[in-house]
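*Asks:* Here's my sequence, what's the structure:
(one chain, ligands or ions: 1)
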Amino acid sequence: MEIKEFYDYNKEIAKFKAAYALVEWDMRTKMPPKAAMDRSEVAGKLARTMFDMETSSKMAAFVEYFNRPKINEKLNEIDRRNVYLVTKEYRRISAIPPDKFEKFTIACSNGENVWQEAKAESNFSKFKPYLEEIVGYLKEFVEYYGYEENKYDALLEDYEPSMTTKDLNKIIAGLKAELVPFIKDLNSKGNAPDTSILKGNFDKNSQEKLSREVLDAMGYDFKGGRIDETVHPFTIGMGFGDVRITTNYHSDDMTSALFSTMHEGGHALYEQGVSEAYKWMPIHDGASMGIHESQSRTWENLVGRSRPFWNFFFPKLCEIFPQFKNVSSDEFYKAINLTKPSLIRIESDEVTYNLHIMVRFEIEEAIINDRIKVADLPDAWNEKMKAYLGIDVPDDAHGMLQDVHWSGGQLGYFPSYMLGNLYASQFFFTAKKEIPNLDSEIANGNLKVLREWQREKIHKFGALYDPKDLLIKVTGEPLNHKFFMNYVREKFSKIYF
Ligand code: ZN
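*Replies:* Numbers count the residues shown, from 1 in each chain. Okay, here's the model as predicted:
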């Protein structure tokens, strides 16, 4: 058996993946409503074909052969990694009996529909039996997947390979001990910036122009992508040379679209920057959800909400939206950096965001390990929100029903968002050490120096390394929350005190 056969077969799967992504993009952006039913069938057929190919006897033969020690040791680094990723995926998919997985998929699809109604009515008891069913399946799945120390590790593996509950608990303990009192200090003793200057009426065409301008400055390749409008912004890659993003324009607030464009743009730069040599290979992917999120958060927060960036970008903003001419760039900078404990995760700021994740992670981990029941979820949620963010949750719609993830069976996903914030600060600290005068480069609009650094250190490798190894390779040390804490302390102390 030649490695070329293995690659040829995986290339066929990758083509279906690209087709699936194109169908998905269409369904979420441009599809006329009448097409919805039939298009779901098209997507379903593609998904089924990929599943069959990924679990076929041919795939089983590749996995068996290329993992024979004598064969495996002769592979080069890239071939071995591709074999490793395919093997992992194969074993994971094959671990679950197909009829059980199908029932789980149906439970999730029903769960999502009921969750939408339950959220609109703020009615947890309506959603409860559906969530119990989903959690029941996940508890069975972790036994099929297997785990060493903690059942939750088996779920983390899907989103953050090589991360364990033990690692997360350690990181969170250190972070929580410093972050909770810091947020209390900011809010009790600090001077919150005036955000009224951000209000106004902002027409869509001008906002779109601003989004394009910022993507261009970041080095996003419009010849290899496009930007469209959706309710929930996302990034989607469909093979090499096509990485699309979407954003969402609000007529009363231009910052929402701008920062979501920079966020999705950060994801897109990652995918556009993976080495062309990895085209059609399993490693033509990101290292993990958390590493992906670190790239988007870098552009959204560490660049987009930084003082140097607004030296460069404020005059451009004023050209497009002349109403800001009466505002100073400093007032604007402060206004976009309001931090305040709040109820809703997706509206929270970069200081308080991680606390929202801790609440979710601690609850998920306790549920999977049978320390709390689904029925006790709202109480557990509300207690933790009070303890960490100091706020009272008025109802479940603004509490544990706010996110879609649990209804879709995506337990284990949330920690990636927090890890993204932490990785971002650690990477950025290294970037500042390695790029001469990064702040003044950004202030002069030369954002591409950062993109080049990211490309060289992170993007081009795709999924060649596990996130843990990539982080050490780039920054010289394992994950450490102090980079995030130092960053928010320095930045927000200047704004608030
Ligand atoms: Zn993201």
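*Asks:* name the helices or strands packed onto the longest helix along the chain?
*Replies:* Looking across the chain with DSSP state H, the single longest helix is helix 3-29. Contact here means 3 or more Cβ pairs under 8 Å, 6 or more residues apart in numbering; DSSP states H and E; on that basis helix 3-29 packs against helix 36-54, helix 57-66, helix 77-95, strand 235-237, strand 243-247. (Each C-beta comes from the backbone N, C-alpha and C, glycine too.)
*Asks:* List the buried residues of the third one.
*Replies:* If I follow you right, that is helix 77-95. 79-87, 89-90, 92 (16 or more other Cβ atoms under 10 Å).
*Asks:* returning to that earlier point: is it possible to get a markdown table of the helices and strands packed on helix 3-29 that adds mean pLDDT?
*Replies:* Converted to a markdown table, the helices and strands packed on helix 3-29 look like this (pLDDT from 0 to 100):
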| stretch | mean pLDDT |
| --- | --- |
| helix 36-54 | 92 |
| helix 57-66 | 98 |
| helix 77-95 | 97 |
| strand 235-237 | 97 |
| strand 243-247 | 98 |
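*Asks:* what's the closest of those to Asn187?
*Replies:* Within those, the stretch nearest Asn187 is strand 243-247; the backing value is 30.2 Å (Cβ to Cβ).
*Asks:* quick one: that closest one to helix 3-29, angle?
*Replies:* Per axes from the mean of the first three to the mean of the last three Cα atoms, to 10 degrees, the angle that strand 243-247 makes with helix 3-29 is 20 degrees.
*Asks:* So for His267, what's the nearest residue that isn't a sequence neighbour?
*Replies:* Excluding the flanking residues, the one nearest His267 by Cβ to Cβ, 6 or more residues apart in numbering is Thr235, at 3.9 Å.
*Asks:* Could you double-check that that neighbour lies in contact with Met262?
*Replies:* No: look at Thr235 against Met262 with Cβ atoms under 8 Å: they stay out of range, at 11.7 Å.
*Asks:* Who has more neighbours out of the two?
*Replies:* Met262 (26 against 20; other Cβ atoms under 10 Å).
*Asks:* need the contact list for the more buried one.
*Replies:* By Cβ atoms under 8 Å, 6 or more residues apart in numbering, the contact set of Met262 is 214, 218, 299-300, 303-304.
*Asks:* Tell me who's in contact with Lys58.
*Replies:* With Cβ under 8 Å, 6+ apart, Lys58 has these contacts: Tyr9.
*Asks:* Quick check: it vs Ile13, distance?
*Replies:* Separation of Lys58 from Ile13 (Cβ to Cβ, to the nearest Å): 11 Å.
*Asks:* Find residues that contact each of those two.
*Replies:* Counting by Cβ under 8 Å, 6+ apart, nothing touches both Lys58 and Ile13.
*Asks:* For Pro193, find the nearest of the helices and strands packed on helix 3-29.
*Replies:* Taking Cβ to Cβ, strand 243-247 is the member of these nearest to Pro193, at 24.4 Å.
*Asks:* Quick check: the gap between the nearest residue to Glu434 once chain neighbours are set aside and Leu438.
*Replies:* Using Cβ to Cβ, 6+ apart and skipping the chain neighbours, the partner closest in space to Glu434 is Trp453 (6.6 Å). Note on Trp453: its distance to Leu438, by Cβ to Cβ, is 8 Å.
*Asks:* SS state for the closest residue to Met254 other than its chain neighbours?
*Replies:* Nearest residue to Met254, sequence neighbours excluded (Cβ to Cβ, 6+ apart): Phe202, at 4.2 Å. Put simply, Phe202 is coil when judged by DSSP: H, G, I helix; E, B strand; the rest coil.
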